[in-house]
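Q: My questions are about this predicted structure, shown below with the sequence.
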Amino acid sequence: MKKINEFFSHVNDKYRNHIVLAMFLFVCVFMYGMSNDEVVIPQPVASETSEDAIEFSDDSLSQEALAKTEPVVEAKKVHAYLLKIGDDFVVALKDEKDLKEALDYAKSKYLNVDADTADIALVKDERNPLVISPVLKLNKAVEKKVLRTSTGEQVGGTDFVEYPEVQWPEPEAIQEEIIVDAHFATDVIVVEAYVDEDEIEDVKTAKELITKENEKEKKYVVEPGDYPEVIAQKNEMPTEKLYDLNPGLRERDSYIQIGEELTVMVPEPELSVALTEELVYDEPIDFETDYEPNPDKYVGHETVKSEGIPGVKRVTASVEMINGSEVSREIISEETITEPVNQVVLRGSKPLPSRGATGVFISPLESYVVTSPYGYRWGRLHKGIDISAGYGATVMASDGGVVTFAGWSGSYGNTVIIDHGDGCTTRYAHNSELLVSAGQYVSQYEAIALLGSTGNSTGPHVHFEIMFDGVTVDPANYVNF
């Protein structure tokens with residue numbers, strides 16, 4: 001040992017460390033060769049005093065300590081295109097080809113144009129080439145010409161008037177259609193990045209995810225003729241879901257009001273595509289109505305003296321569509337092709353009888369056809385009589401009294417109920433428009449509604465009931481139909 005120390009004392013500091021290391025390795029090899037027994041190397045175990053400290057012993061390593069010393073194998077990262085739509089949706093695709101195929105699928109689904117009309121261009125950001133903006137580009141203006149006409153269809157003015165000898169173009173018959181713009185209506189961005197290999201979606205899955213329609217809440221304004229089942233059908237949702245979204249609706253579904261707001265679920269895809277078209281089409285011009293007094297009829301009663309004829313105008317408009325549904329229309333110009341001919345109506349000027357019941361009932365319509373009498377049909381009692389006339393015809397009070405209800409009444413649609421006193425009431429259902437309100441006093445012959453087909457109805461008619469103490473009777477026993 002003395003000689004070794006003397007040796008190191010003469011060795012230049014520059015080489016001392018190298019020599020020490022070499023000698024240490026020589027001793028280790030020598031000891032291994034002197035024994036056939038397995039060399040026991042001290043193993044680390046977790047210290048009881050600290051989670052991070054490790055002490056050595058001859059015992060096997062604990063599972064907990066082993067977990068701390070095992071190397072972490074990271075998932076394989078691969079190059080991908082991350083497609084981000086809106087604020088939340090992200091899907092990873094393996095290459096540019098899959099990216100364009102997925103976007104092109106959405107374009108073709110929502111744009112009613114030929115495949116080569118609009119292409120998808122991937123525009124790289126000038127400051128960061130890893131960021132890409134997908135852009136829809138039209139190759140050329142697309143022009144379509146469709147000429148259509150219709151005869152005998154009721155258009156404009158007072159709908160109950162028929163025009164058997166008149167011809168005019170179908171409403172909004174397209175004569176020319178030019179696509180002027182197409183773009184993604186949702187914010188879309190693509191980023192090139194490295195992601196875990198298992199995060200990449202195949203192109204078929206990506207197409208489904210991009211165009212999958214997710215339900216979103218929106219407000220719906222009740223329109224004439226609406227009732228819960230119709231509203232649910234319009235918005236492609238179950239009626240039960242409509243009830244769930246609008247607490248209390250089930251209990252009052254027979255009395256929802258026009259203009260009332262309800263919450264509905266509307267299906268919307270992740271990606272939306274907008275299309276702007278310039279349309280040239282013919283549209284009817286509504287005729288106006290001139291009135292002449294008729295002293296032989298009560299006030300509120302009207303009779304058509306001469307029919308009106310709609311005119312025709314050529315309209316040029318810019319229309320924006322999102323996913324195939326129109327969202328806005330701006331009129332660019334209008335040109336009159338033919339002028340309309342006004343309708344002439346005789347308006348009753350005879351004073352109404354004193355307000356109150358007379359005890360004598362009249363038909364609610366002046367000109368009509370009985371389409372379904374009182375009595376049993378289809379296995380159940382038909383509690384009134386159905387009388388039909390042209391849509392929009394005047395519905396009159398069968399006798400004087402006070403209006404106790406005027407509004408929507410489930411399958412009856414727009415309904416008026418009049419109390420004539422002594423337990424007698426009358427009901428007038430399926431109207432297109434109501435002209436009176438609850439609490440109003442009306443006279444016999446007074447106009448209370450316009451004929452329609454609201455509620456559970458197959459055509460324009462009034463369902464007329466006479467009731468005594470709430471029990472219906474055959475109206476034909478009281479009115480000479």
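A: It's in. Residues are numbered from 1 along each chain as shown.

Q: Isn't Ala232 up against Asn246?
A: No - the pair Ala232 / Asn246 is not scored as a contact, 10.8 Å apart, by CB atoms under 8 Å. C-beta: built from backbone N, CA, C; applies to glycine.

Q: Point me to the residue sitting closest to the centre of the chain.
A: A centroid search over the chain (CA atoms, centre = their mean) returns Val266, at 3.6 Å, as the residue closest to the centre.

Q: Remind me which helix or strand that one belongs to.
A: Assigned by DSSP states H and E, Val266 belongs to strand 261-269.

Q: Please, where are all the strands along the stretch 151-300 of the chain?
A: Secondary structure of the stretch 151-300 of the chain (DSSP state E, counting those that start in this stretch): strands located at 167-168, 173-184, 188-196, 213-221, 261-269, 273-285, 289-298.

Q: How far does stretch 422-442 sit from its chain's centre?
A: Taking CA atoms, centre = their mean, to the nearest Å, one finds stretch 422-442 lying 35 Å from the centre of the chain it belongs to.

Q: Low-confidence regions, the chain specifically.
A: 1-75, 112-115, 140-174, 253-255, 353-356 (pLDDT under 70).

Q: Spell out which residues make up each domain of it.
A: 1-39, 42-71, 213-269, 355-477 (automatic domain parsing).

Q: which residues sit in contact with the spatially closest residue to Gln440 that is not a sequence neighbour?
A: Spatial nearest neighbour of Gln440, excluding adjacent residues (CB to CB, 6 or more residues apart in numbering): Val403 at 4.7 Å. Listed by CB atoms under 8 Å, 6 or more residues apart in numbering, the contact partners of Val403 are Val416, Ile417, Ile418, Asp419, Val436, Ser437, Ala438, Gly439, Gln440, Tyr441, Val442, Ile448.

Q: Give the buried residues for stretch 325-343.
A: Judged by neighbour count using 16 or more other CB atoms under 10 Å, the buried positions of stretch 325-343 are Pro340, Gln343.

Q: List of residues touching it?
A: 156-158, 161, 168, 278, 282, 285-290, 304, 306-321.

Q: Among the residues you listed, name the ones in helices.
A: Members of those lying in helices (criterion: DSSP state H): none.

Q: that older thread, tell me which helix or strand the residue nearest to Gln440 sits in.
A: Here Val403 sits within strand 401-408, counting by DSSP H and E.

Q: do the same with Ile387
A: For Ile387, the element it lies in under DSSP H and E is strand 385-388.

Q: Neighbouring strands of whatever helix or strand comes next after that strand in the sheet, and parallel or not?
A: Downstream of strand 385-388, the next assigned helix or strand under DSSP H and E is strand 394-396. Strand 394-396 has these partner strands in its sheet, going by DSSP bridges: strand 447-450 (antiparallel).

Q: Show residues contacting the strand it pairs with.
A: 300-302, 392-397, 403, 406, 414, 416, 418, 428, 431-436, 442, 462.
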